[in-house]
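Undergrad: whatever this is, show me its structure:
(chains A and B)
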Amino acid sequence: MNTERKVRVRFAPSPTGPLHIGGVRTALFNYLFAKQHHGEFLLRIEDTDSSRFVPGAEEYIIEAFQWLHIPFDEGVGIGGPHGPYRQSERRDIYRQYVKQLLDSGHAYYAFDTPEELDAMRKRLEESKSSSHQYDATTRMQMKNSLSLPEAETKALLEAGTPYVVRIKIDPGQTITVHDMIRGEVTVNSDILDDKVLYKSADDLPTYHLANIVDDHLMEISHVIRGEEWLPSAPLHVLLYEYLGWKDSMPGFAHLPLLLKPDGNGKLSKRDGDRLGFPVFPLAWTDPKTGEKSSGYRESGYYPEAVVNMLAFLGWNPGTEQEIFSMDELIQAFQLEKVSKSGAKFNLEKAHWFNHQYLQKQSDASFIEILRKRAGEAGVRGGLTRKADSFSDAELEKMVGLVKERLTFPQEIWDQTYFFFNAPESYDEKVVKKRWTEDMPMILRQWNAEAEKTDFSASVLEELTQKMIGENGWNAGKVFNSMRLALVGASLGPHIFDIMTVIGKEETLARIEQACQKVGA
RNA sequence: GGCCCGUUCGUCUAGUUGGCCUAGGACGCAAGGUUUUCAUCCUUGAAAUCAGGGGUUCGAAUCCCCUACGGGCUACCA
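TA: Residues are numbered from 1 along each chain as shown, chains lettered A, B, ... in the order given. The predicted model follows:
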């Protein structure tokens, strides 16, 4: 683990479905670490469990990172000098290392059927035996190349009997894992079991072997992964040792888990559905069940906001800055500053991050979505202004008036619909509180005067104040009744801003309409 | 059950070489202000006896031990 080594890290998901947001954070931390050290970031697909393969998952993963602007330097979809990067295409490579382990006595063949294994576990659990696993204390009672006569093993192999290759853990060893986040973690090899490294049925290794072989061959310098892997880290250290690669073993860092917002435990897909927030970067439809899951992208989150939010789940720069661009994150990120305890996902904070990033967007960037939403929502009959009757400049002005209220871009319609549609009904409470009998008279008088102006916000404001003063009207009632006439409810930007956007004709018409509909 | 990891405001966390911590920031919450609407925004505030208990020390959130609680792992899954 010399520090001179070129930094090369990998993200190695299994294509078993959509990528969980926790996985995204793991990838992000890998990426930040790599880029800070001017290193490389690889994508490797760990599809050694053919039974769990889900079509489309790999494409989903690649698309998710494209959306998030987290590019890979090497790997599936990109290529590179250490390919193939899909483990199912690396069978030939793994075979030779299985053989090496077998030849050096660090592994052995096992022929136990699933039923026999179940029976063993049951037996051991019932007995007072301290060990409940396939290990040094039990392997001689099982059906394997250690317990069977050599000739019988050979015969079984020649007969094509399905088998697995298990690692032969030497008991009584102290194994130390140097974790960059947690420090030294030491365990005794007695607690490790003889894990399956290879299964003949599909001619593939299990995760443990494939992982070590690939990391070695792909010259991975640091393994940054979730905490759920910490218990198997000693096994991996042992594997590096048994394969003779101890000197080039990568550094390890085990990230704290992402926890569900309520209660405890790992954040899962179910929690998202239950609490109403996405657990996946992109929406996903399960190809088998047809079940749909929401995604951050489709929910209106900005990728920069998701990245920023995720970076702050389990990490903190130690300063008071919270809004970070990707480049700033790369500069500031420190693996040593990653916290050790799990982080609960906080939806409110996620919203806040999105709100911050939305404010940075240009007003013009909302014009398209506004036209689209206005078109979809339809424009009602009567007094209206169709979306295409507004110029881009007018729509941009409209956006400028309401942007600060938005957390998600799609909310823009809720804040602008009244520009397009005259009210069809008027909020009863406001009518009762503000609309006095003389209001139609007052507003018609105002209409007559306003018609003569250039209808700029400042002129309208001045005119209104002047009329209120001269006639002794109740300012609050007049202003709020005007709003009622324009919007139909007690919401929206300043009324004179609304008037200038919808224009003189529409404004006067809406006010006249309210005088008729609400009456005296 | 066994093994491993963890434990500072409701939440994310600062605090890392013990003293400047009467524990700081952010989200959320409350109040006030701005906005003659609503929201935004601004200000202020409540909010952690640093899981509990023992040590070590002149002095501990920071070091050690024990306990409790939480989590992870314990598959021919990753």
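Undergrad: you'd agree A:Val223 is up against A:Gly251?
TA: Yes - assessed by CB atoms under 8 Å, A:Val223 is found in contact with A:Gly251 at 7.1 Å. Any C-beta I mention is one placed from the backbone N, CA and C, and that applies to glycine too.
Undergrad: who's more crowded, these two?
TA: A:Val223 (23 against 18; other CB atoms under 10 Å).
Undergrad: can the host helix or strand of that one be said to contact RNA strand B?
TA: Assigned by DSSP states H and E, A:Val223 belongs to strand A:222-226. No - Strand A:222-226 does not reach RNA strand B (CB under 7 Å from any atom of the strand); its nearest approach is 7.8 Å.
Undergrad: what does stretch A:203-221 give?
TA: Yes - Stretch A:203-221 is in contact with RNA strand B by CB under 7 Å from any atom of the strand, via A:206-208.
Undergrad: so A:Lys168 versus A:Lys154, what's the distance?
TA: According to CB to CB, to the nearest Å, A:Lys168 stands 18 Å off from A:Lys154.
Undergrad: so which of the two has more stuff around it?
TA: Neighbour count, other CB under 10 Å: between A:Lys168 and A:Lys154, A:Lys168 has more, with 21 against 13.
Undergrad: which ones are touching the more buried one?
TA: Applying CB atoms under 8 Å, 6 or more residues apart in numbering, one finds that A:Lys168 lies in contact with A:105-108, A:139, A:146, A:194.
Undergrad: just the buried ones out of those residues, please.
TA: A:106-108, A:139, A:146, A:194 (16 or more other CB atoms under 10 Å).
Undergrad: in the stretch 401-520 of chain A, which residue sits nearest RNA strand B?
TA: A:Ala475 (2.2 Å; CB to the nearest atom of the strand).
Undergrad: now do the same contact list for that residue.
TA: A:Ala475 sits next to A:Ile468 when contact means CB under 8 Å, 6+ apart.
Undergrad: go with 10 Å
TA: A:Ala475 makes contact with A:464-465, A:468-469, according to CB atoms under 10 Å, 6 or more residues apart in numbering.
Undergrad: kindly report the same for A:Glu449.
TA: Listed by CB under 10 Å, 6+ apart, the contact set of A:Glu449 reads A:460, A:463-464, A:466-467.
Undergrad: again, only this time at 7 Å
TA: A:463, A:467 (CB atoms under 7 Å, 6 or more residues apart in numbering).
Undergrad: element containing it, please.
TA: helix A:439-450.
Undergrad: do A:Phe324 as well
TA: Applying DSSP H and E, one finds A:Phe324 in no helix or strand.
Undergrad: looks like it contacts A:Asn308 (just checking).
TA: Yes - using CB atoms under 7 Å, A:Phe324 is in contact with A:Asn308, at 5.6 Å.
Undergrad: what about the two, which has more around it?
TA: A:Asn308 (23 against 18).
Undergrad: three-state assignment of the more buried one?
TA: Under DSSP: H, G, I helix; E, B strand; the rest coil, the three-state class of A:Asn308 is helix.
Undergrad: gap between it and A:Asn354?
TA: For A:Asn308 relative to A:Asn354 (CB to CB), the value is 9 Å.
Undergrad: could you do A:Trp435 as well?
TA: 38 Å.
Undergrad: kindly report the same for A:Gly226.
TA: A:Gly226 is 25 Å from A:Asn354, by CB to CB.
Undergrad: more neighbours: the two, which one.
TA: Higher neighbour count among A:Gly226 and A:Asn354: A:Asn354, with 24 against 17, using other CB under 10 Å.
Undergrad: sorry, back to before: quick check: mean pLDDT across the helix or strand following the helix holding A:Glu449?
TA: Per DSSP H and E, the first helix or strand lying C-terminal to helix A:439-450 is helix A:457-471. Mean pLDDT, helix A:457-471: 93.
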